[in-house]
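J.: got a sequence here, can you model it:
(4 chains)
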Protein chains: 4
Amino acid sequence: MANQSGRHFLQIPGPTPVPERILSAMSRQMLDHRGPTFGEFGLKLLADVKTIFKTHNPVIIYPSSGTGAWEAGLVNTLSPGDQVLIVETGQFAVLWRNMAERIGLKPEVIPTDWHSGADANKVEARLKKDKSHDIKAVCVVHNETSTGARSWIDEIRKAMDAAHHPALLMVDAVSSLGAMDLRHDEWGIDVTVAGSQKGLMLPPGLSFTAVSQKALAASKKAKLQRSYWNWDDMIAINAAGTFPYTPAIGLLFGLAEAIAMLHEEGLENVFARHERLAEATRRAVRGWGLDTWCRDPRSHSPAVTAVAMPESHNADAYRKLVLENFNMSLGTGLNKLAGKAFRIGHLGYTNELTILGALAGVEMGLELAGVPHEKGGVTAAMAYLSETVRPATAKAA
Amino acid sequence: MANQSGRHFLQIPGPTPVPERILSAMSRQMLDHRGPTFGEFGLKLLADVKTIFKTHNPVIIYPSSGTGAWEAGLVNTLSPGDQVLIVETGQFAVLWRNMAERIGLKPEVIPTDWHSGADANKVEARLKKDKSHDIKAVCVVHNETSTGARSWIDEIRKAMDAAHHPALLMVDAVSSLGAMDLRHDEWGIDVTVAGSQKGLMLPPGLSFTAVSQKALAASKKAKLQRSYWNWDDMIAINAAGTFPYTPAIGLLFGLAEAIAMLHEEGLENVFARHERLAEATRRAVRGWGLDTWCRDPRSHSPAVTAVAMPESHNADAYRKLVLENFNMSLGTGLNKLAGKAFRIGHLGYTNELTILGALAGVEMGLELAGVPHEKGGVTAAMAYLSETVRPATAKAA
Amino acid sequence: MANQSGRHFLQIPGPTPVPERILSAMSRQMLDHRGPTFGEFGLKLLADVKTIFKTHNPVIIYPSSGTGAWEAGLVNTLSPGDQVLIVETGQFAVLWRNMAERIGLKPEVIPTDWHSGADANKVEARLKKDKSHDIKAVCVVHNETSTGARSWIDEIRKAMDAAHHPALLMVDAVSSLGAMDLRHDEWGIDVTVAGSQKGLMLPPGLSFTAVSQKALAASKKAKLQRSYWNWDDMIAINAAGTFPYTPAIGLLFGLAEAIAMLHEEGLENVFARHERLAEATRRAVRGWGLDTWCRDPRSHSPAVTAVAMPESHNADAYRKLVLENFNMSLGTGLNKLAGKAFRIGHLGYTNELTILGALAGVEMGLELAGVPHEKGGVTAAMAYLSETVRPATAKAA
Amino acid sequence: MANQSGRHFLQIPGPTPVPERILSAMSRQMLDHRGPTFGEFGLKLLADVKTIFKTHNPVIIYPSSGTGAWEAGLVNTLSPGDQVLIVETGQFAVLWRNMAERIGLKPEVIPTDWHSGADANKVEARLKKDKSHDIKAVCVVHNETSTGARSWIDEIRKAMDAAHHPALLMVDAVSSLGAMDLRHDEWGIDVTVAGSQKGLMLPPGLSFTAVSQKALAASKKAKLQRSYWNWDDMIAINAAGTFPYTPAIGLLFGLAEAIAMLHEEGLENVFARHERLAEATRRAVRGWGLDTWCRDPRSHSPAVTAVAMPESHNADAYRKLVLENFNMSLGTGLNKLAGKAFRIGHLGYTNELTILGALAGVEMGLELAGVPHEKGGVTAAMAYLSETVRPATAKAA
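T.: This next block holds a predicted model:
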């Protein structure tokens, strides 16, 4: 029988552990979603959620998975046969592409080697060739959860501007929101897509589209079939703090608490924490003599690290062994990475000791599985983390 | 300031109060939605949920509101321009119709006076005229939440059979599932649409489509654009107890508990309880000398009762007064009923004393608002409920 | 099988229903009870709890039932063989007397007919006879939970003053705190004893002694054996917000929330609410043609009403029938009231519609049990409650 | 500002982290503590709790801290002036001694160097000298929480038998129950004292005395003042599953869940887990070149390890630094250990990765505080834990 004593280490890149404080907030009893108490709550929540996206434009909240918000972004702004340009950074970009095709768009892919983020130069070059502006949207995954590679959205924006191209910029921030900086307005994003179960530390079940005025204008002409995902109804009725259909009230209670927690820590501190835990993780990987799947130093994700498994071993067999012996879930390798990599989530409600416990589990698992490696990963991570305690707190001690 | 002492009486027809037992079940920590523990949980849950729909066919669970499941039912089975026949029993039928139109179908409406359920004879007559079988689906709301009228789905089925018409039968069971008997297989329903926040006693955020083999066959040819709602992916991946995108894990934990509670009480007992509380409510309405909005004795809903407000008074002003003075939420009148009716929910986690407390609040509110009425509604309800205690329990006492 | 559908009506005079908000507050994770976070929490809590007792003196919080706080009050202030005067208002006075005897005190009882509260004149008369001041403490139950009779503590204080008697005044406020006004300092109480599971709306497990400077002075000379209950250790260590032994942290989290809730509603509003629900209950009893056990109009309890069962019927058989048919717990008759009375709790987290639901259950139970009674109890209660809606809120409506 | 991101590491030897499953169980609504549902629950619970103490005799459950159960053990069995023999293994033995003195007993102490457990030979020697059997009780702390030293109770039993001495054997199992084997009946213990907030994984607020027939016989003659702690009332009324005064219902719900969890894992597996995590901790301490406070290899505690701080440094300053930088609470040094040692709790709801995270925090803290130490503690602990994965689970992987 598997080892299930003590707290499970849920080190997948989402769903992430839900803080007890949020679980408690979600235990509140239901109320009338058309009544005045809910209306007040809704108005405040819809305003507060904008601070997380760094936008002054509407953020639309759906009862759905993040996948639904992808669909919402596309169907609200595009018409059948429209061309969209998607940078294939990994599996989630592939899925997005597949969805675009399925709903009647013409996706074109800028490939990558799956070992890095999006190359803004390639985007610029492609857009410059599109003299007739047939490309209606550029889709980039901010944090490619499958490979652990980030893309720099501000650079994509600059590339689009340099190409003087009017396409919409759509960003999948499902696993980046709340884990790394995202500036919807400043970066000129037209549609930011996000979900609840990653950096927001909530259970899955809510998704988000933050929009721009340009996206809203596009939505007036967009002809893809839509009803559930329709922005117009949402925005109109959100004005009163309510929703066109029954919202996922319990999760919204949790969202209010999550936003409060993020601001209590300070968004910049939250992002710095993610960067630091990610660097510690990478030092551990190097300490083991292993490679991260992401090979581009500028592209390392603050949210998740994919580790390449030596060819002699199967990553999923290793994950199974870790789960059964050390009560920890690691992320599986998806698509091209299947069996060849495992992923360590370090986003959301986590901290130094949690990630060190997790890395210790990875290191013991390597030993147990007979994977060729060097000792010293955890030691390297500890060294880094003790060298980089936040100055303010070190002073306070 | 409004009276907010003690437990709020949430007597709207959904979301309904969530039992503390379910709130606790949903407080369980997240886990790996691709791991073995979740897989086992998912397999059992997907099997168990069928018992609530009385089906052996797949029940597809979405992270979405019930509205989403409507859309799922339509887009999986139909093609652009397809005709659908919708019985307009009230506001939710109207909304369904509007959605059908919005996504490119051609809805035809069989009107009602909004004071009763669907008339099976009219359905039969219309279908018989459709010699060319242009009508691809017949859509009926099992329990019209806006008017408090039920439709007899078995009769609709018989009408369709009598007309030898091959259209799909789609049933909105959003506010009936778990409150009144629904026999997906026996009644030959092709798509049953449901939501979590009514008879299932869960927060909003999950929706369901139960399907038939005929509906699945139709889905192979259906051409409406679909991705998020696509049954194929769901059914294929559900075979392992998992989901094609991250499911709303917390709500699924709650669903498992809700199913357990329904079976502990016994589905037939649950339905009988709803019928009894509904009859008590109607006796109260009559006791006050008022009318239920539903005028057809065969159509009275076991889940919700809409009460017609005397013309001299506005139902929403009355509801506000009840909310502020007696800490109870009543359902607002929708569409044609706006200002003219209020609704008393008596579905889900409720019982004799809860409904009597609620009826007392309604009666005191009538007094306070100066609505012309007779005393004696609560007294009549009590008389009925004490005459009809369940024999087995009376014997045990 | 008993009827267990929907929410149980827990209408006993404690434990009372715990608001979900408090259940959530108690779901917070443990922390270091000697660390700085707990210290800050403890300091605030120990200050805030004084506002509920209306005292500036220490309030000592024990992990124990209310019974423990009785013992604490006695052993901290008295010495073996000391005489104490106890007004026997009912079963809880009897138990207190028994405890006094058991721990080596000499209790003397002023009897009552168990149908009223304490008679201050009798206390005064007895104390005046005690020229030698052998009586060291006068013990009065503020709200006699067993009979539903209150005693007026301010009058007892005046009686003691009139007799120029130096005895300590000890008050059992277990079922009155948070339900009726209690002014520890103003009324010159030396030891107020309370528990968590009544007006404070918490689970059982915490008890309280509020003390006076006079009681503290007495504790320096008191010779009864004590260790766990010792005030000195508590007060000394409470100064840092911590406790001499591990406190019941979870319940303390709940206590902080309960105090917040009481102040949000306003203590005076809380007391007025209890008075009003109690009067409604008594009107119902009269409406049934039955008698309250308490026969003195000045002594009716705002927290609980004991109802005398007609001699032909057994109150416990009736309670069983109500429980099994209507899913409501009523309080049993204790001691002299066994089988002859049942008790309706209307304290803590309750409101108009809850008590009306409960009264409806009582009325239907009388019918079902064949107890001779008149109809109209619930009607009378409704009439009173609708006549007396709080003016402010009626205006708002 | 202190680092408070992510989950706090509560590595004190109690209160220990409460599993979410237990927090959920405690969120259940209150019920009538004199009603049939509670009676059934109580009967089962009172039977089940015996399995944890490995006894067929009564286990009495108090709403109190563990300190209260100490008092209960003494006052139920002894009379004023009775001699008791206490082995002073550390601070908790001192406190027990102080309590004995305070309530009128004559405690005699067998000293230790505070670096080991009780020496059975010394107990035997002392008892043999007590020809007149003046010593009425021998008190031993099973796991001395202050020093991290265990005592072998079976050896104490043998020593008492060898001395043919009739004294009662009282064992403080507050921090051992649920963490290390305790056999109340087999070891001939007369009173086992325990609390809820350690190996039972509950919040503080419940305490326990398991008794023997001999202790019960002694209680008939014991003359120390007692009321709240009185066994007779408890045992008499527990026969119906109920309690003489209102029990701490919420914590009892949690206790039922805790017992279920311990049996699901298997008591022997639970104990083995504690031994293994303790050994890993000690290997880490040795790896750092530091000493455990406990110096006797046979006495190392499976529940807590006290680490001696090098003289140049203050253990509490170190603890503060660890708390503020790594969000972990370590146990303070008590009494003789104040400033000289810190304690690492590894009991209750913990596992390999949790303890490794904690040890990493200790190691980084040593670095940060400039405490002279060697690297390699965590590495040594990992090596041990990966060498000793449970064979069954390794095979399963």
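
J.: quick check: the residue nearest to residue A:183 when sequence neighbours are not counted vs residue A:181, distance?
T.: Distances taken as C-beta to C-beta, 6 or more residues apart in numbering or on different chains put residue A:54 closest to residue A:183, at 4.5 Å, once the chain neighbours are dropped. To be clear about C-beta, it is placed using only N, CA and C from the backbone, and glycine gets the same treatment. The gap separating residue A:54 from residue A:181 is 8 Å, by C-beta to C-beta, to the nearest Å.

J.: out of the two, which sits in the busier spot?
T.: Neighbours were counted for residue A:54 and for residue A:181 using other C-beta atoms under 10 Å in any protein chain shown; residue A:181 has more, 20 against 17.

J.: doesn't residue A:271 make contact with the more buried one?
T.: Yes - assessed by C-beta atoms under 8 Å, residue A:181 is found in contact with residue A:271 at 5.2 Å.

J.: at which residues are the strands of the stretch 251-397 of chain A located?
T.: For the stretch 251-397 of chain A, the strands defined by DSSP state E, counting those that start in this stretch cover A:291-292, A:304-308, A:328-330, A:341-345.

J.: just put the ones you listed in CSV and tack on mean pLDDT and distance to chain B.
T.: Output for those, formatted as CSV (pLDDT from 0 to 100; distance: least, C-beta to the nearest C-beta, whole Å):
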stretch, mean pLDDT, distance to chain B
strand A:291-292, 98, 21
strand A:304-308, 98, 14
strand A:328-330, 98, 4
strand A:341-345, 98, 10
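
J.: could you dump the ones you listed to TSV with distance to chain D and mean neighbour count?
T.: Shown next, in TSV, are those (distance: least, C-beta to the nearest C-beta, whole Å; neighbours: other C-beta atoms under 10 Å in any protein chain shown):
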stretch	distance to chain D	mean neighbour count
strand A:291-292	21	20
strand A:304-308	16	27
strand A:328-330	6	27
strand A:341-345	12	27
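
J.: among the ones you listed, which is nearest residue D:237?
T.: Closest of those to residue D:237 is strand A:328-330, at 46.6 Å (criterion: C-beta to C-beta).

J.: let me see the domain layout of chain A.
T.: Chain A breaks down into these domains under automatic domain parsing: A:20-263, A:266-396.

J.: so can I have JSON lines of those domains showing distance to residue C:5?
T.: JSON lines is the format used below for the domains of chain A (distance: least, C-beta to C-beta, whole Å):
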{"stretch": "domain A:20-263", "distance to residue C:5": "18"}
{"stretch": "domain A:266-396", "distance to residue C:5": "38"}
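
J.: which of the three states applies to residue A:170?
T.: strand (DSSP: H, G, I helix; E, B strand; the rest coil).

J.: so, low pLDDT: which residues of chain A?
T.: Residues of chain A that meet the criterion pLDDT under 70 lie in A:1, A:391-397.

J.: ranges for the helices of it?
T.: Secondary structure of chain A (DSSP state H): helices located at A:20-25, A:36-53, A:66-77, A:91-102, A:120-129, A:153-162, A:213-221, A:231-238, A:249-265, A:267-287, A:315-326, A:352-369, A:377-387, A:391-396.

J.: kindly reformat those helices as TSV containing distance to chain D.
T.: What follows is those, written out as TSV (distance: least, C-beta to the nearest C-beta, whole Å):
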stretch	distance to chain D
helix A:20-25	7
helix A:36-53	16
helix A:66-77	23
helix A:91-102	25
helix A:120-129	32
helix A:153-162	25
helix A:213-221	34
helix A:231-238	31
helix A:249-265	6
helix A:267-287	6
helix A:315-326	4
helix A:352-369	3
helix A:377-387	4
helix A:391-396	5
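
J.: right, and those helices - which one's nearest residue B:276?
T.: The nearest among those, by C-beta to C-beta, is helix A:249-265 at 28.4 Å.

J.: helices and strands around the closest one, which ones?
T.: When contacts are defined as 3 or more C-beta pairs under 8 Å, 6 or more residues apart in numbering or on different chains; DSSP states H and E, helix A:249-265 packs onto helix A:20-25, helix A:36-53, strand A:59-63, strand A:206-211, helix B:249-265.

J.: return the most buried member of these.
T.: strand A:206-211 (a mean of 28; mean count of other C-beta atoms under 10 Å in any protein chain shown).

J.: what residues does the stretch 151-300 of chain A put near chain B?
T.: A:195, A:197, A:203-205, A:224-228, A:230, A:244-251 (C-beta under 8 Å from any C-beta of the partner chain).

J.: what residues are up against residue A:209?
T.: By C-beta atoms under 8 Å, 6 or more residues apart in numbering or on different chains, the residues touching residue A:209 are A:59, A:60, A:62, A:69, A:72, A:73, A:76, A:191, A:192, A:193, A:194, A:231.

J.: can I assume the last one is in contact with residue A:60?
T.: So that's residue A:231. Yes - taking contacts as C-beta under 8 Å, residue A:231 lies within contact range of residue A:60: 5.9 Å.

J.: okay, and the common contacts of those two?
T.: In contact with both residue A:231 and residue A:60: A:72, A:209, A:211, using C-beta under 8 Å, 6+ apart.

J.: for residue D:133, state which of the residues you listed is nearest.
T.: Looking across those and measuring by C-beta to C-beta, the closest to residue D:133 is residue A:209, at 82.4 Å.

J.: ok, the contacts of residue A:209 vs residue A:361, which is closest?
T.: residue A:194 (29.0 Å).

J.: contact partners for that closest one?
T.: Counting by C-beta under 8 Å, 6+ apart, residue A:194 touches A:53, A:66, A:69, A:173, A:174, A:177, A:200, A:207, A:208, A:209, A:210.

J.: now the residue of chain A found nearest chain C. Nearest residue, chain neighbours left out?
T.: In chain A, the residue that lies nearest chain C is residue A:24 (4.2 Å; C-beta to the nearest C-beta). Distance criterion C-beta to C-beta, 6+ apart; nearest residue to residue A:24, sequence neighbours excluded, is residue C:24 at 4.2 Å.

J.: give the contact list for that neighbour.
T.: Going by C-beta under 8 Å, 6+ apart, residue C:24 touches A:24, A:25, A:27, A:28, D:27.

J.: backbone phi and psi for the residue positioned nearest the centre of chain A, please?
T.: Nearest to the mean C-alpha position of chain A, counting by C-alpha atoms, centre = their mean, stands residue A:175 at 1.0 Å. According to degrees, to the nearest 10, the main-chain angles of residue A:175 amount to phi -100, psi 10.

J.: any idea how far the closest residue to residue A:281 other than its chain neighbours is from residue A:345?
T.: In space, and not counting its chain neighbours, residue A:281 is closest to residue A:305: 4.7 Å by C-beta to C-beta, 6+ apart. Separation of residue A:305 from residue A:345 (C-beta to C-beta): 8 Å.

J.: likewise for residue A:106?
T.: 34 Å.

J.: got it, and residue A:234?
T.: In this view, residue A:234 and residue A:345 are 31 Å apart by C-beta to C-beta.

J.: one more: residue A:237?
T.: Computed with C-beta to C-beta, the distance linking residue A:237 and residue A:345 is 35 Å.

J.: quick one: residues contacting the residue of the stretch 101-250 of chain A found nearest chain D.
T.: Closest approach between the stretch 101-250 of chain A and chain D, counting by C-beta to the nearest C-beta: residue A:201, at 9.9 Å. Listed by C-beta under 8 Å, 6+ apart, the contact set of residue A:201 reads A:16, A:17, A:18, A:19, A:22, A:178, A:258, A:261, A:348, A:349.

J.: quick check, nearest of the residues you listed to residue B:377?
T.: Among these, residue A:22 lies closest to residue B:377 (C-beta to C-beta), at 42.8 Å.

J.: give me every residue that touches the closest one.
T.: Shown in contact with residue A:22 (C-beta under 8 Å, 6+ apart): A:201, A:202, A:254, A:257, A:258, A:261.

J.: how about 7 Å then?
T.: Contact analysis of residue A:22 by C-beta atoms under 7 Å, 6 or more residues apart in numbering or on different chains lists A:201, A:202, A:254, A:257, A:258.
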